[in-house]
Each structure stands twice: as C-alpha cells, then as structure tokens.
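Participant: Here is a sequence with its predicted model. Questions after.
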Amino acid sequence: MPHMNPSRGRRLLVQHLLGTAALLLAACSGPGAAPSADSTPPAPTGGQPYTNQDFGFSLSYPTGFEVQQVSPNTVVFLAPQGTAGHRERGWLTAQFTSEEDAQWYADHTLEDNANLGIEITSSAQVLDGRQAYVLGHVPGQDLNRQVFIVDGGILYHLTFMPDAPAQGEDYQQMESLYAAIMPSLRFLPERRAVPPLTDLTNMIRELELALNARNPEAIARLLGNEFVLGTLDPTTAEGVTYAPHGPTEIIPLILEDHLSANPTVTLLYQVDWSSVPGSLDTYSGIVPGEDLTPILAQRWGTNGSGQAVLIIARRVDSGLFWRGAFVLEGTSTP
C-alpha cells in the first residue's frame, strides 16, 4: 500500500503559501471572480522600490518593511523590526504558466475551499493592463488574501496575511503592504529567467494540458534530464519493469505509444492508492533519494481506456518536473 495519505486532498494551492488579509477592494461573494472594468490605480508616491529582473516585475512596499528572497521564485515581505510574533505579511511567487489569464487559479482556490464554512470574497481589477483576481478570507494558517495575475507566461501569485481585522496591528500592517503593492505593481518588458513550477496543483494542470494537446514543446518544458518508463504488473515477482529514457527519446514514445489520437487524459491526486498496483516505495527504489509524488492518469493508452501512474519529482530548488510513467498492466500500448 502506498505511503501517501489520500486525505491530503487537493488543497495544494492554498497550502503552498501562508496567509492574506482583508480586502481593500469592493468585494463580492459570488461563486467566481468576475472581471471588472476598473483601470490600473495610480502608483503611490513614497515607499521603497523593489525590482526583480529575473521574473520581470517591480513594485513598492511600505517604508520600514523588509523584503527577502526565500527561494529562487519567491519573495517575502516582513513587517518592521520590533513587531511581535512572526513578521511575514506577504509573499509573491512567480511560476510558469501556459494560461493567458489567471481566472482558473482563482476559481480553483474557491473550489478547493468551498466546503470549509468560511465565506471567501472575490473581485477583480486591472493592474498594469492585466486582469487581477482577488480572493479574501481564504482559509490557511491565518485567513489570507490572495491575488492572481498572469503576464507573459508567468503566474504572479501574491498572498497577504492576516485577513482578520481582529488581529489588530498585524492586520493594519498587512493592509498597508497591500495598499502599497497593488497600485505600484508593474510588469517589465523583458525577464531574465523562466520561473519553475513549484506548486503541485499547477504542475498537474500544465501536464494535463500538454498531454491532451499532444504538444511536444509543452511536454518538453515539464521534463527533467531523465525519464523512467515502466509497466506495473502485480502478477509477476518483480511487480514492475522499467527503463530510463532521455527527454528527446521519451516524447515521441509518449505521443505515439501511450496517448490516443484525441486524448482526454485526466490526472488525479486524491486517489485510493490501495486499489492501484505498485507503491511509492517501489518508485523510490527506482529513483532513490528523490522527493516523488504519484499521480493517477485515467484514459491512458492508445485506445484511451487504460491507466498509468505518473511520477512528479521535486528538484533541490523546489521546482517540479515529470519524472516517469508506470503503465498499469492491461492498458493498450504497442
């Protein structure tokens, strides 16, 4: 039986970042983040400037706050020195995306938190010519406010915390940070790097889109330096057979031998793994020492009726990539 607790569910997008705070925007509590015709607010004067040339954005944050880069694609904004307790009031994470608009990410967060008994507010506005989707009172370690914006193949995900007026000074500090960043956020015409995919929900989304589009370039972006392709067969003593492949070799194999002509592959994270042959131990033995997550692919195979366990791995820099695929015995492949 796999060593994965299926109750972890899909609350991945919210758990990737902590926190957010109460809305400054006029918010509505409808089921989705409806677009608004609001134009970009004027940039405020004062504050401290911050520019990230790697991922192509600039902004201002309040005087006295500090900004730290805590990972290759994430910066954190800290309340002034001397603040009691933890000082984190906001995060900005940049991730690769093939989406042209951020609404899917906002809607997915709403869906993931729909049954937790907390009313999430939603609104939208235009920031520097891009549609921004804002969610308030999102459950987490603290109630938080999240903002999703897409520009030039990058998802900019901002999180502010705490979104709870009862938390007094912490809440006021968050509001000050939100009020400084939102109108000052600008996107640069050039960026030096393509940010990694660090959120599992986003990785699953991108992989599903790439497979169903049968897009070799999109698949290549999600691969590492080596791919393990195998078959799971619990009727044999070994239980699994596999072989390593390079990225240029595996793409035509996947397209020609493992996908139907018009694939409708569905990738699932929340799975009763006890019903699926193989286990996380098996995969870890094949690629030892790596941080691996199994994903169940439905409608796999040339006739679109089989299943496979896809393996997602995490690099040292927290970036995710598609590490392997193990086809369940009986799935139609040449």
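Facilitator: On my side now, so go ahead.

Participant: alpha carbons only for contacts and neighbour counts from here, please
Facilitator: OK.

Participant: pLDDT wise, what is Val287 at?
Facilitator: For Val287, the model assigns a pLDDT of 89.

Participant: Contact partners for it?
Facilitator: If you count contacts by C-alpha atoms under 8 Å, 6 or more residues apart in numbering, Val287 has none.

Participant: can you tell me how far it sits from Gly239?
Facilitator: Here the criterion is C-alpha to C-alpha, to the nearest Å. By it, Val287 lies 16 Å from Gly239.

Participant: buried stuff in the helix ranked longest in the chain?
Facilitator: Criterion DSSP state H: the longest helix present in the chain is helix 169-184. Residues of helix 169-184 classed as buried by neighbour count (16 or more other C-alpha atoms under 10 Å): 170-184.

Participant: Give me the helices and strands touching whichever helix or strand comes after that helix, please.
Facilitator: Going down the chain from helix 169-184, the next helix or strand is strand 186-187, by DSSP states H and E. Packing contacts for strand 186-187, counted by 3 or more C-alpha pairs under 8 Å, 6 or more residues apart in numbering; DSSP states H and E, involve strand 57-61.

Participant: send the alpha carbons of the strand it packs on over as CSV?
Facilitator: The C-alpha trace of strand 57-61 is given here as CSV (Å, rounded to 0.1, in the frame of the first residue of the first chain):
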residue,chain,number,x,y,z
PHE,A,57,8.2,42.9,-12.2
SER,A,58,8.6,45.9,-10.0
LEU,A,59,6.6,47.3,-7.0
SER,A,60,6.8,49.5,-4.0
TYR,A,61,6.4,48.4,-0.3
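
Participant: List of residues touching whatever helix or strand Thr201 lives in?
Facilitator: Element membership for Thr201, per DSSP H and E: helix 200-212. With contact meaning C-alpha under 8 Å, 6+ apart, helix 200-212 is reached by 10, 12-13, 97-98, 197, 216, 218-219, 222, 259, 262-267, 320-321.

Participant: related to what we said a few turns ago, how distant is the longest helix of the chain from the center of its chain?
Facilitator: 24 Å (C-alpha atoms, centre = their mean, to the nearest Å).

Participant: per-residue confidence averaged over it?
Facilitator: What helix 169-184 shows for mean pLDDT is 97.

Participant: the inter-axis angle of that helix versus strand 57-61?
Facilitator: Angle, helix 169-184 to strand 57-61, by axes from the mean of the first three to the mean of the last three C-alpha atoms, to 10 degrees: 140 degrees.

Participant: other SSEs contacting helix 169-184?
Facilitator: Helix 169-184 sits against strand 57-61, strand 88-96, with contacts defined as 3+ C-alpha pairs under 8 Å, 6+ apart.

Participant: Buried residues in the helix or strand that the last one is followed by, which are they?
Facilitator: Beyond strand 88-96 on the C-terminal side, the first helix or strand identified by DSSP H and E is helix 103-112. With burial defined by 16+ other C-alpha under 10 Å, the residues of helix 103-112 counted as buried are Gln103, Trp104, Tyr105, Ala106, Asp107, His108, Thr109, Leu110.

Participant: With pLDDT and distance to Thr121 added, can I get those in a markdown table?
Facilitator: Formatted as a markdown table, the buried residues of helix 103-112 follow (pLDDT from 0 to 100; distance: C-alpha to C-alpha, whole Å):
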| residue | pLDDT | distance to Thr121 |
| --- | --- | --- |
| Gln103 | 95 | 14 |
| Trp104 | 94 | 16 |
| Tyr105 | 95 | 15 |
| Ala106 | 96 | 11 |
| Asp107 | 95 | 12 |
| His108 | 93 | 14 |
| Thr109 | 94 | 12 |
| Leu110 | 94 | 9 |
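
Participant: residues near Leu188, how many?
Facilitator: 16 (other C-alpha atoms under 10 Å).

Participant: got the contact list for the nearest residue in space to it that is not next to it in sequence?
Facilitator: Of all residues not flanking Leu188 in the chain, Gly56 sits nearest, at 4.7 Å (C-alpha to C-alpha, 6 or more residues apart in numbering). Gly56 is in contact with Phe187, Leu188, Pro189, Glu190, Arg191, Arg192, counting by C-alpha under 8 Å, 6+ apart.

Participant: Which among the helices and strands packed on helix 169-184 is found nearest to Arg299?
Facilitator: Among these, strand 88-96 comes nearest to Arg299, with 26.1 Å by C-alpha to C-alpha.

Participant: Average pLDDT for the closest one, rounded please.
Facilitator: Here the average pLDDT along strand 88-96 is 96.

Participant: who touches that strand?
Facilitator: Counting by C-alpha under 8 Å, 6+ apart, residues outside strand 88-96 touching it are 17, 19-20, 55, 73-79, 153-162, 170, 173-174, 177, 194-198.
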